[in-house]
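Asks: need a 3D model of the following:
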Amino acid sequence: MKIKDLPISDITLRKYEKPFNLNNREVIKKLCLSLGLLQPGDSRDVVVDIFFALIKAKHAIDCKEIEERAAWFRQENKLEVKGVTPANIRRQLRRLKELMIIDKKGRLYFLNENESLKNIFEEKIKKLHINPITERIKEYCEHIDKMRGE
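Replies: Numbering: from 1, shown residues only. As a prediction, the model looks like this:
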């Protein structure tokens, strides 16, 4: 693959039904699926439990506390406590951080700027990820439209 073929950024977005009659874990899972943090049918869904731990935290928390909360949440939902390893938790935290959903200070993690998820989506994901991608796509479309006129 040529360097020019590597994307500057990318994001996967999916649209699901409205969050009606879903339990807490299912709502978080649909958001993770919607943002491309999970693939449909993926059984390795510990990112849902990690995300839940961060959403429910009243303060910034470290990896150990995230691990404990994620394991508890999986047990609470009668799921195997698999994937709740320090290495996997760090990997999932890195993915959440890359999407600007969470932030880190020292060893502690928290929702970005302690904002609501709606604001994080609008201000971080939409403005800084989605809009620049759609603007570039429009530039390609305009370029192709000009080619068609030649």
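
Asks: please enumerate the strands of the protein.
Replies: Applying DSSP state E to the chain gives strands spanning 102-105, 108-111.

Asks: can you redo those as JSON lines with mean neighbour count and distance to Phe121?
Replies: For every residue, glycine as well, the C-beta is placed using N, CA and C. As requested, the strands of the chain are exported to JSON lines (neighbours: other Cβ atoms under 10 Å; distance: least, Cβ to Cβ, whole Å):
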{"stretch": "strand 102-105", "mean neighbour count": "16", "distance to Phe121": "13"}
{"stretch": "strand 108-111", "mean neighbour count": "18", "distance to Phe121": "11"}
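
Asks: go through those and name the closest to Leu38.
Replies: Proximity to Leu38 (Cβ to Cβ) singles out strand 102-105 among the strands of the chain, at 16.1 Å.

Asks: for that closest one, name the packing helices and strands.
Replies: Counting contacts by 3 or more Cβ pairs under 8 Å, 6 or more residues apart in numbering; DSSP states H and E, strand 102-105 is packed against helix 86-98, strand 108-111.

Asks: deepest of those, which one?
Replies: The highest average neighbour count among those, using mean count of other Cβ atoms under 10 Å, belongs to strand 108-111 at a mean of 18.

Asks: now the strands of the chain as TSV including distance to Ile66 and mean pLDDT?
Replies: Below are these laid out as TSV (distance: least, Cβ to Cβ, whole Å; pLDDT from 0 to 100):
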stretch	distance to Ile66	mean pLDDT
strand 102-105	10	96
strand 108-111	7	96
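
Asks: alright, that wraps it up for me.
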